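A.B. asks: please find the sequence and the predicted model below.
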Amino acid sequence: MTQGIDVSSEGLVLPSSVSGSIDVLLDGQRVWSFNPGHDGRSGPGQQVSVAWPKALVPRLDGVADVDLVNHVSREVLHNQTVRFGNGADRVRVVDHEGHALAVDKGGRLQRDFSHTEDSARDEIMDALERVLRDLTEKCGLDAYLMYGCLLGAVRDGHMIGHDSDADVAYLSRHQHPFDIIRECTQATRRMRALGWKVVRMSGANFKVWVPLPDGRRCGIDVFGSFHVRGRFHVTGSLTGTLDRSAIVPFGTVTLEGREIVAPAHPEEVLEFTYGPDWRIPDPAFHFDHDPVDVRRMDAWFRSPRRRLRFWGDFYKSPDARRVPTEPSLFARWTEERIRARTGSPTHILDVGTGTGRDAAYFAAQGHRVTALDFTSLGMRHTDKLRADQRLKVTRRALNLEDLRSVLVVGARFAHRQGLREVYARGLLDTLGATGRDNFWRFASMVQRRGGETFLEFRTPRSRHDPKFFGQHQRTYLDPDQAVREIEGYGGRVVHRETGRDLAPLGKENPHIARLVVRWTS
Amino acid sequence: MSKIAGRERLKSGLSAGLRARLRSWIDPDDGPAPESGLEARVAALEDAVEESRQLSQRLADVVDVVTEVLVPAVDRDDERLQEALARLNKTLGSPSPGGERD
């Protein structure tokens, strides 16, 4: 046992002499690993404090025996019974089917391989081999084992227990991001056509979901790797100097008793990936990429992902339950205006619908409503409301940061007969210039035969106001700038007003702009 | 191509905000800019690089959409066009909000 360790709801305090990767066990179940050197903050005296990871905090309610164990030596450093929150039950970190979860290196709660039965392990290996074969034979890619799977294979021939996904990469034959994206797009499409459930993660990597016999699913991540101007890059954001000869011609490694295609010199690739200490097991490892490298990869391949994680996290957080369920003042104002103009129900596209509270209101007024957002997580908060009132709202995915999504969804609406109204409240002040540009394109496409676009957004005068939701991703939009951009797209502002008291929420009373736009003469 | 024509071509491909920042050191005739130091020039160049890096993704997406719908569009085959759009939406869609190794 190590003296001077304390665990509480707030976090962990350890002497600064404690180092290495430390497993945190609650009632004997590993739920997280951390490294005080990386994850801690120096406190008073010779102490380091480590906060609980965000993903774990909502689960910490009740009582648990907490063990801190050195991951390599298995020495138990500390044991303490801790009461978290007000709950009287034991703390349980499990999924809805009771399977144990642990925080992975991306900060998310996942099932890992440590509780995987042998039969499921075989299934994962079967799937891994089939994915590698299809990538090679059907997609024409030079695919190989990478990241955690390669590490496990070279270390001891097994998948790493604390890993939660399987990783492969392919060596692109291209050297320009444009060609690399095209190559990845083709491979994604081909894998889908072969029957795989594939999710595009960026312009140069995707995930293949494989169902397992024990009810869970395993993700096989497929990462693009390539040389650009002599530098080697692997998606996510791994960048550095690694000669092509370290990768090809391929060799093999043994993983779970099977020969799997691998880089020519796996040790070189592992040192490039994890640094010189790659042989020492470290479940608390996370990449410490140079921000310049992350920014470059973001710009090349991940611009359509902008803001996705923020809003995904927001709608999963308790904060989302604080969003009112009654309609906004702007929804009522818009409905009155539509009703006065058309005299009858119409089709309303609620763009950036969020929780869908205004979409529900429009449906309740008899309109046909399509709610568009990149995620359906927000609308779960009004599922009951819509069910209770038997309201029909059609959901459609639209990512305004993704030009492909805007063109395809926009074209499909534009093609349909009839007029439609576009409603976007609190949207423009959450988008950047690219997202706005895409929004103007979308609105002008879908209203080429008529209809009006109703916009409400915070202006820069709201920037320093107190906020109902505290710190949030906001991009305050100057109404003059909005008008210039609208006119640039051929639109005409037919109503404009600004002021306060238009969208008060709690103690927040932002300065708001309302615009109504027509895209036809 | 003359130096000035090259500059004009460079500027015409950039956003208005970025053009204004670049103008502060490209066009000395516009008068002294509030940010005229090396730091401002590097920041403007970083913005320009960022913007041009993003073009690959946008161009690749446009090429993909055009490629998929061009043939049915030229054939004036509305059914196939609808199918192509539905397929484009379904087979690729937007990136997942889930995590990536980054």
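C.D. replies: Done, it's in. Numbers count the residues shown, from 1 in each chain, chains lettered A, B, ... in the order given.
A.B. asks: okay, now A:M159: neighbour count?
C.D. replies: The number of residues packed near A:M159 is 23, by other CB atoms under 10 Å in any protein chain shown. Using the backbone N, CA and C atoms, a C-beta is placed for each residue, glycine as well.
A.B. asks: and stretch A:134-144, average pLDDT?
C.D. replies: Here stretch A:134-144 scores 97 as its mean pLDDT.
A.B. asks: now do it: distance to the chain's middle.
C.D. replies: Mean-position distance between stretch A:134-144 and its chain equals 27 Å (CA atoms, centre = their mean, to the nearest Å).
A.B. asks: export it as CSV, just CAs?
C.D. replies: The C-alpha coordinates for stretch A:134-144 follow below in CSV (Å, rounded to 0.1, in the frame of the first residue of the first chain):
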residue,chain,number,x,y,z
ASP,A,134,-12.1,-7.5,-48.7
LEU,A,135,-10.0,-4.4,-48.4
THR,A,136,-7.2,-6.1,-50.3
GLU,A,137,-9.0,-8.2,-52.9
LYS,A,138,-12.2,-6.2,-53.5
CYS,A,139,-11.1,-2.7,-52.8
GLY,A,140,-7.6,-3.0,-54.2
LEU,A,141,-6.0,-1.5,-51.0
ASP,A,142,-2.7,-2.5,-49.4
ALA,A,143,-4.2,-3.2,-46.0
TYR,A,144,-2.3,-4.2,-42.8
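A.B. asks: quick check: residues of the stretch 101-250 of chain A near chain B?
C.D. replies: A:106-108, A:147, A:176-178, A:181-182, A:185, A:188-189, A:192-193, A:199-203, A:205, A:207, A:221, A:223, A:235-237 (CB under 8 Å from any CB of the partner chain).
A.B. asks: any of the residues you listed buried? List them.
C.D. replies: A:106, A:147, A:177-178, A:181-182, A:185, A:188-189, A:192, A:199-203, A:205, A:207, A:221, A:223, A:235-237 (16 or more other CB atoms under 10 Å in any protein chain shown).
A.B. asks: what is the neighbour count of A:R244?
C.D. replies: Residues near A:R244, counting by other CB under 10 Å, number 10.
A.B. asks: oh, that last question was meant for A:E456, not what I typed.
C.D. replies: 24.
A.B. asks: residues contacting it?
C.D. replies: By CB atoms under 8 Å, 6 or more residues apart in numbering or on different chains, the residues touching A:E456 are A:328, A:330, A:424-426, A:502-503, A:512-515.
A.B. asks: what's across from it in the sheet?
C.D. replies: Residues in a beta bridge with A:E456, per DSSP bridges, are A:R425, A:R514.
A.B. asks: can you name the residues that contact A:G491?
C.D. replies: By CB under 8 Å, 6+ apart, A:G491 lies in contact with A:440, A:443-444, A:453, A:517-519.
A.B. asks: same check on A:R90?
C.D. replies: A:27, A:62-64.
A.B. asks: okay if I get those as a markdown table plus secondary structure?
C.D. replies: Formatted as a markdown table, the contacts of A:R90 follow (DSSP: H, G, I helix; E, B strand; the rest coil):
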| residue | secondary structure |
| --- | --- |
| A:D27 | coil |
| A:G62 | strand |
| A:V63 | strand |
| A:A64 | strand |
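A.B. asks: neighbour-wise, which one of the residues you listed leads?
C.D. replies: Neighbour count (other CB under 10 Å) singles out A:A64 as the most crowded of these, with 23 neighbours.
A.B. asks: the closest residue to A:F413 other than its chain neighbours: neighbour count?
C.D. replies: Using CB to CB, 6 or more residues apart in numbering or on different chains and skipping the chain neighbours, the partner closest in space to A:F413 is A:V446 (4.1 Å). Close neighbours of A:V446, defined as other CB under 10 Å, add up to 26.
A.B. asks: re earlier: which ones among the residues of the stretch 101-250 of chain A next to chain B lie within helices?
C.D. replies: Assignment to helices by DSSP state H places the following of those there: A:147, A:177-178, A:181-182, A:185, A:188-189, A:192-193.
A.B. asks: farthest pair within these?
C.D. replies: Maximum pairwise distance among those (CB to CB): 26.2 Å, between A:Y147 and A:A193.
A.B. asks: can you give me the helices for chain B?
C.D. replies: B:3-12, B:16-26, B:38-74, B:78-91.
A.B. asks: show me the shaky parts of chain B.
C.D. replies: Within chain B, the segments meeting pLDDT under 70 span B:1-36, B:91-102.
A.B. asks: picking up where we left off before, tell me the one of the contacts of A:E456 nearest chain B?
C.D. replies: For those, the minimum distance to chain B (CB to the nearest CB) is 17.8 Å, reached by A:A424.
A.B. asks: skipping adjacent residues, who's closest to that closest one in space?
C.D. replies: Excluding its sequence neighbours, the residue lying closest to A:A424 (CB to CB, 6+ apart) is A:V351, at 4.5 Å.
A.B. asks: ramachandran angles for the one you found?
C.D. replies: The phi/psi pair for A:V351 (degrees, to the nearest 10) reads phi -90, psi 130.
A.B. asks: that one and chain B, how far apart?
C.D. replies: As judged by CB to the nearest CB, to the nearest Å, A:V351 and chain B stand 14 Å apart.
A.B. asks: okay, now that residue: neighbour count?
C.D. replies: 26.
A.B. asks: let me know the pLDDT of it.
C.D. replies: On pLDDT, A:V351 comes in at 98.
A.B. asks: tell me which helix or strand the most centrally placed residue in chain A sits in.
C.D. replies: By CA atoms, centre = their mean, chain A has its centre lying nearest to A:R309, at 3.7 Å. Assessed by DSSP states H and E, A:R309 sits inside helix A:308-316.
A.B. asks: that helix vs chain B: in contact?
C.D. replies: Yes - using CB under 8 Å from any CB, helix A:308-316 reaches chain B at A:308-309, A:311-312.
A.B. asks: A:Q417: what's it in contact with?
C.D. replies: With contacts defined as CB under 8 Å, 6+ apart, A:Q417 has no neighbours.
A.B. asks: over to it: give its phi and psi.
C.D. replies: Main-chain dihedrals, A:Q417, degrees, to the nearest 10: phi -70, psi 160.
A.B. asks: so A:R295 touches B:Q54, yeah?
C.D. replies: No - between A:R295 and B:Q54 there is no contact under CB atoms under 8 Å: 11.2 Å.
A.B. asks: in terms of neighbours, single out the busier of the two.
C.D. replies: More crowded of A:R295 and B:Q54, by other CB under 10 Å: B:Q54, with 20 against 16.
A.B. asks: that one contacts A:S303, doesn't it?
C.D. replies: Yes - with contact defined as CB under 8 Å, B:Q54 and A:S303 form a contacting pair (4.8 Å).
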